[in-house]
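A.B. asks: Need a 3D model of the sequence below.
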Amino acid sequence: MRAEERRRAILKYLRQSSRPVSAGFLAERFSVSRQAVVGDVALLRASGADISATPRGYIILKADQGLIRRVACRHDAAGMEAELCAVVDQGCAVLDVIVEHPIYGQLTGPLQLSSRYDVGQFLSRCAGEGARPLSDLTGGIHLHTLSCPDEDAFSRVREVLRDLGVLLEG
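C.D. replies: Predicted structure coming up:
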């Protein structure tokens, strides 16, 4: 398969997938190196494909993501699991984390966490890589973009985060 054909096939595969797909999986599927897939995805993005890289792989976000809302939170790294589980337990997905950096401005990290399993995988990967959360750059202050099925679910998220003492409110 030529590189251009492979890129079209990768794009098609990502469009059909509802879950993130790792570069390793795509490399195996298309019989190329992981680095070749990373290059292919970079070229696809450069040509306009809306591919997001998440901690669990590449995904093309679907237009219908439910009700999109943001919450501002503050906690240390030890509070991350409770915060993320509080959101997914209310039926919402954590799409990303956003911090305001003094030099670079807004930094966004895609997450795509919609279950306790996803949260566990994310936290395991953080621990395995020795990675610190982006919120460490801002004294724990950060935003999350959430996808919620309805306003009731978003209200429950805010209530649970408030009870945890991590919700920032004006």
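
A.B. asks: so where do the strands sit in the chain?
C.D. replies: All strands of the chain, identified by DSSP state E, fall at 51-54, 57-60, 67-74, 93-101, 105-113, 141-148.

A.B. asks: Let me have these in JSON lines, adding mean pLDDT as columns.
C.D. replies: Shown next, in JSON lines, are the strands of the chain (pLDDT from 0 to 100):
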{"stretch": "strand 51-54", "mean pLDDT": "85"}
{"stretch": "strand 57-60", "mean pLDDT": "88"}
{"stretch": "strand 67-74", "mean pLDDT": "92"}
{"stretch": "strand 93-101", "mean pLDDT": "91"}
{"stretch": "strand 105-113", "mean pLDDT": "90"}
{"stretch": "strand 141-148", "mean pLDDT": "93"}
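
A.B. asks: Mind checking these for the one nearest to Tyr13?
C.D. replies: In terms of C-beta to C-beta, the element of the strands of the chain nearest to Tyr13 is strand 57-60, at 9.4 Å. C-betas here are computed from N, CA, C, even on glycine.

A.B. asks: Check which residues of the closest one are buried.
C.D. replies: Neighbour-count burial for strand 57-60 flags Gly57, Tyr58, Ile59, Ile60 (criterion: 16 or more other C-beta atoms under 10 Å).
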